[in-house]
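In: Kindly return the folded structure for what I paste below:
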Amino acid sequence: MLHCIYTGTAFAYTVFITEILKYTIGRPRPDWLGRCQPNFTKVQAALNNTAVTMFNRTICTSTDQEALDDGQKSFLSGHTSCKCMH
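Out: Residues are numbered from 1 along each chain as shown. Alright, predicted model coming up:
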């Protein structure tokens, strides 16, 4: 019985830490541009101004904030972090 409590607590901590890290250091998923639906006029203007450009949500035409939020939580993998818990 005590083992189940320890395992449940470890799982909860793992999920909590993984989610916090996803929000702070998350990376875009491979389909992020599809979710974003970028305004290519803004993209071209940014590329003309500098050789190195970092894009954020200001280029997006999509209004689905939930899809954009989820699209930027590729790293850390929740599956991998839960597997490492064992």
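
In: quick one: residue 4 from residue 11, how far?
Out: To residue 11, residue 4 is 10 Å away according to C-beta to C-beta, to the nearest Å. All C-beta atoms are positioned from the backbone trio N, CA, C, and that covers glycine.

In: Which of the two has more residues huddled nearby?
Out: Per other C-beta atoms under 10 Å, whichever of residue 4 and residue 11 has more neighbours is residue 11, with 13 against 8.

In: surely that one meets residue 82?
Out: Yes: in this structure, residue 11 is within contact of residue 82 by C-beta atoms under 8 Å, at 6.9 Å.

In: Give me the residues contacting stretch 58-66.
Out: Residues outside stretch 58-66 that contact it (C-beta atoms under 8 Å, 6 or more residues apart in numbering) are 35, 36, 37, 38, 39, 42, 43, 46, 68.

In: actually stretch 35-45, sorry about that
Out: With contacts defined as C-beta under 8 Å, 6+ apart, stretch 35-45 is touched by 29, 55, 57-62, 64, 67-68, 70-71.

In: same thing with stretch 3-16?
Out: For stretch 3-16, contacts defined as C-beta under 8 Å, 6+ apart pick out 78, 81, 82, 84, 85.

In: can you tell me which of those are in strands?
Out: Taking DSSP state E, every one of these sits outside strands.
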